[in-house]
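Chemist: Give me a model of this one.
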Amino acid sequence: MLFDYPTKARFGRKIPKSKLYENASANTKLKDKFVNQIEKIVWQYKLAPNTLNLDATNKVPEIQVFDIFLKTKEVDQALLEVIDKAIPLPIIFQIHKGNKVKIKAAYKRPSESANNKWVIESYFESEWLDKDVVKQPMPQALDLGKLYEQLLKSLMPVEVTSSKTTQTLDEQVGIINQINSLQKELDKLNSKYKKEKQRNRQFEINKQIKLKQKELNQLTKA
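Modeler: Got it, this is the predicted structure:
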């Protein structure tokens, strides 16, 4: 969903694409993708203590909202990773394509083992939405950490965020990573099953499929 961020938090500064890929030491292939896929990048909002009257936390000192305007139908996730690596703060991307917009963000957190380094985890995204859709009020939160959690949860699968067994953002992200991993394993097993000609091998592969599907069902049930 689209959120109605406060006017006070508006930053509205265009960022040269070259600064981002130079900071991240992007290779020529990635630089070409920046040029070919992205029309412009606007640092639209700074969600910070002085713009929202919310306290910062150790993990979330600020949250940035970037508008990405596309030349193409989609943007390669590797380009978002370059931006995330260049800016050591949580970022919410609002990706624009014609009269549509999609929200996408990675779960970012400071590294526990290296100073000034950030860990970039799974990306979550919304469907493509009409730009004129009614914006929702920004989630209420006690601090920027809780706000970031609410913004990310709005992009996560409902079956995970509604589960009673998931208490923290870290736990929810961990479960989503497990789900994605299991789904990849299932896809490989199903493909292997279709190609296999021997009945006894099909039987063994099918047993593995059922076990993996059971694990997946346990993770996704609300």
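Chemist: How much space separates Val75 from Asp32?
Modeler: 14 Å (Cβ to Cβ, to the nearest Å). Any C-beta I mention is one placed from the backbone N, CA and C, and that applies to glycine too.
Chemist: So between the two, which is more surrounded?
Modeler: Val75 (21 against 12; other Cβ atoms under 10 Å).
Chemist: Quick check, pLDDT for Ile176.
Modeler: pLDDT recorded at Ile176 is 81.
Chemist: next one: Arg201
Modeler: The model's pLDDT for Arg201 equals 88.
Chemist: ok, now the one 5 residues further on?
Modeler: The per-residue pLDDT reported for Asn206 equals 90.
Chemist: Quick check, it in contact with Tyr193.
Modeler: Yes - under the criterion of Cβ atoms under 8 Å, Asn206 makes contact with Tyr193 at 6.4 Å.
Chemist: Tyr148 and Arg199, how far apart?
Modeler: From Tyr148 to Arg199 the distance is 52 Å (Cβ to Cβ).
Chemist: Give me the domain ranges for this structure.
Modeler: 3-155, 172-220 (automatic domain parsing).
Chemist: Would you mind finding the most buried of those?
Modeler: domain 3-155 (a mean of 16; mean count of other Cβ atoms under 10 Å).
Chemist: Please state the offset of that domain from the chain centre?
Modeler: From the chain centre to the centre of domain 3-155 is a distance of 9 Å (Cα atoms, centre = their mean, to the nearest Å).
Chemist: Give me the three-state assignment for the nearest residue to Ala26 once chain neighbours are set aside.
Modeler: With sequence-adjacent residues excluded and distances taken as Cβ to Cβ, 6 or more residues apart in numbering, Ala26 is closest to Val82, at 5.3 Å. Classification of Val82 by DSSP: H, G, I helix; E, B strand; the rest coil places it in helix.
Chemist: Do I have it right that Val82 meets Lys29?
Modeler: No - using Cβ under 8 Å, Val82 is not in contact with Lys29; the gap is 11.3 Å.
Chemist: OK, contacts around Ile209?
Modeler: The contact partners of Ile209, taken as Cβ atoms under 8 Å, 6 or more residues apart in numbering, are Leu186, Leu189, Asn190, Tyr193.
Chemist: hang on, the earlier thing: hey, least reliable of the domains of the chain by pLDDT?
Modeler: Among these, domain 172-220 scores lowest, at a mean of 87.
Chemist: What separation do you get for Ala26 and Leu54?
Modeler: For Ala26 relative to Leu54 (Cβ to Cβ), the value is 33 Å.
Chemist: let me fix that: Phe66
Modeler: Taking Cβ to Cβ, one finds Phe66 at 20 Å from Leu54.
Chemist: do Glu185 as well
Modeler: For Glu185, the distance to Leu54 - Cβ to Cβ - is 41 Å.
Chemist: Likewise for Gln183?
Modeler: 36 Å.
Chemist: With Met138 instead?
Modeler: Met138 sits 10 Å away from Leu54, going by Cβ to Cβ.
Chemist: Now do the shared contacts for those two.
Modeler: Counting by Cβ under 8 Å, 6+ apart, the residues touching both Met138 and Leu54 are Leu147.
Chemist: Longest helix in this structure, by number of residues?
Modeler: helix 169-195 (DSSP state H).
Chemist: counting contacts, what elements does that one pack onto?
Modeler: strand 118-125, helix 144-153, helix 158-161, helix 199-220 (3 or more Cβ pairs under 8 Å, 6 or more residues apart in numbering; DSSP states H and E).
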